[in-house]
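Peer 1: pasted the sequence and its predicted model underneath.
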Amino acid sequence: MEARKSKIFISCPEAKQICDKTQYYEASWWDHLRLGIRLLYCNVTQEYVAQNKKITNLVSQKDVVCMNKSVKEKLKEKLQKELQNNP
């Protein structure tokens, strides 16, 4: 006999997916409701949502400085040399 899937109570992976959709404003009001219910009782989901919000806030800050492309290429080359020298 197959277990019946609840429409309101969602699994942790489903909650994480809805959390990600929420960060990009792609979640429906139904998704928000189900995530909110999950957040009431799941510490893992609460922690995931908190970390996701921190990352989103950090990335959206205007003073984020990205690595220069030439510096990135030099670093990549150096890493490749080190990997070849130390198998």
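Peer 2: Structure received.
Peer 1: use CA for all of it now, contacts and neighbours both
Peer 2: Fine.
Peer 1: what distance do you get for residue 46 to residue 32?
Peer 2: 14 Å (Cα to Cα, to the nearest Å).
Peer 1: on the three-state scheme, the spatially most central residue of the chain is what?
Peer 2: Nearest to the mean C-alpha position of the chain, by Cα atoms, centre = their mean, lies residue 52 at 5.2 Å. Counting by DSSP: H, G, I helix; E, B strand; the rest coil, the backbone at residue 52 sits in helix.
Peer 1: which residues does it contact?
Peer 2: Contacts for residue 52 were tallied using Cα atoms under 8 Å, 6 or more residues apart in numbering; they are 19-20, 23.
Peer 1: with pLDDT, neighbour count and secondary structure added, can I get those residues in JSON lines?
Peer 2: As requested, the contacts of residue 52 are arranged in JSON lines below (pLDDT from 0 to 100; neighbours: other Cα atoms under 10 Å; DSSP: H, G, I helix; E, B strand; the rest coil):
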{"residue": "19", "pLDDT": "94", "neighbour count": "24", "secondary structure": "helix"}
{"residue": "20", "pLDDT": "92", "neighbour count": "17", "secondary structure": "helix"}
{"residue": "23", "pLDDT": "86", "neighbour count": "13", "secondary structure": "helix"}
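Peer 1: for the residues you listed, give me CSV that also has distance to residue 81.
Peer 2: Formatted as CSV, the contacts of residue 52 follow (distance: Cα to Cα, whole Å):
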residue, distance to residue 81
19, 40
20, 37
23, 39
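Peer 1: which parts of the chain are strands?
Peer 2: With strands called from DSSP state E, the chain shows none.
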